[in-house]
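S.K.: how would this look folded up:
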Amino acid sequence: MLKPYRKRIFWTLTTVSIMAVIFALSAQNGTESEQMSGGMRFGLEYVIIKIFGEGKVRDDIIANLEFIIRKAAHIFIYLCLGFSAAAAADAYGARRGLLIIAVAFCMFYAATDEAHQYFIEGRSSELRDVLIDTAGSAAGAYAFILSRKRTAVTACPPRGCS
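M.R.: You can find the predicted model right below:
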């Protein structure tokens, strides 16, 4: 079990590190970003065709893979940020409103991230992405809250702690 000050340091550094990764990915120009998600799309397309067979998968599904990959990446990275932000807020003593604090923090960061992308060549700033990011962070923060409750329940046997 980490001491309280070490928990604060750990979760703060984790949160800041995730934010740095998000910033770095957002700083990629349109071509670099497209190459990254395009490479993943081709890999996923290959796997899908191998599983289901050539001509068995609708063309519109294959065509939308890159969009799906991009939005799934938004959800995943912000889910991680939401979990980490909730853990950091908890480590600093926030108990009531933990979900709201973590989600508001992540929503603000998502909005500033989209504003940052507005100034990057070949990128755009979209409200839809802020909403997707916020949903991911809410899921992550809620997952932290559930894990904390589960830990509290399993920490003591049913007859109580002695």
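
S.K.: Mind giving me the packing neighbours of the helix or strand hosting residue 5?
M.R.: Here residue 5, judged by DSSP states H and E, is contained in helix 4-26. Packing contacts for helix 4-26, counted by 3 or more Cβ pairs under 8 Å, 6 or more residues apart in numbering; DSSP states H and E, involve helix 65-91, helix 98-118. Quick note: C-beta positions are derived from backbone N, CA and C, even for glycine.

S.K.: Give the buried residues for that helix.
M.R.: Neighbour counts using 16 or more other Cβ atoms under 10 Å place 7, 8, 11, 12, 14, 15, 18, 19, 22, 25, 26 of helix 4-26 among the buried residues.

S.K.: Skip ahead from it and say which helix or strand is next.
M.R.: Once the chain leaves helix 4-26, the next helix or strand it forms, by DSSP H and E, is helix 30-52.

S.K.: going on from that next one, what's the next piece of helix or strand?
M.R.: Heading C-terminal from helix 30-52 (DSSP H and E), you reach helix 59-63.

S.K.: what mean pLDDT does that next one have?
M.R.: What helix 59-63 shows for mean pLDDT is 72.

S.K.: Likewise for stretch 2-19?
M.R.: 93.

S.K.: roughly how far is it from the heart of the chain?
M.R.: The chain centroid and the centroid of stretch 2-19 are separated by 17 Å under Cα atoms, centre = their mean, to the nearest Å.

S.K.: any residues touching it, and which ones?
M.R.: For stretch 2-19, the surrounding residues in contact (Cβ atoms under 8 Å, 6 or more residues apart in numbering) are 77, 80, 81, 84, 85, 87, 88, 90, 91, 92, 109.

S.K.: Show me which of the residues you listed are buried.
M.R.: So, by 16+ other Cβ under 10 Å, the buried ones in these are 77, 80, 81, 84, 85, 87, 88, 90, 91, 109.

S.K.: Next up, the contacts around the fourth one.
M.R.: In other words, residue 84. By Cβ under 8 Å, 6+ apart, the residues touching residue 84 are 11, 14, 15, 18, 140.

S.K.: between the residues you listed, which is nearest residue 119?
M.R.: residue 18 (21.6 Å; Cβ to Cβ).

S.K.: measure the closest one to residue 49 for me?
M.R.: Distance of residue 18 to residue 49, computed by Cβ to Cβ, to the nearest Å: 33 Å.

S.K.: quick one, which of the helices and strands packed on helix 4-26 is packed in tightest?
M.R.: Stretch with highest mean neighbour count among the helices and strands packed on helix 4-26: helix 65-91 (a mean of 21; mean count of other Cβ atoms under 10 Å).
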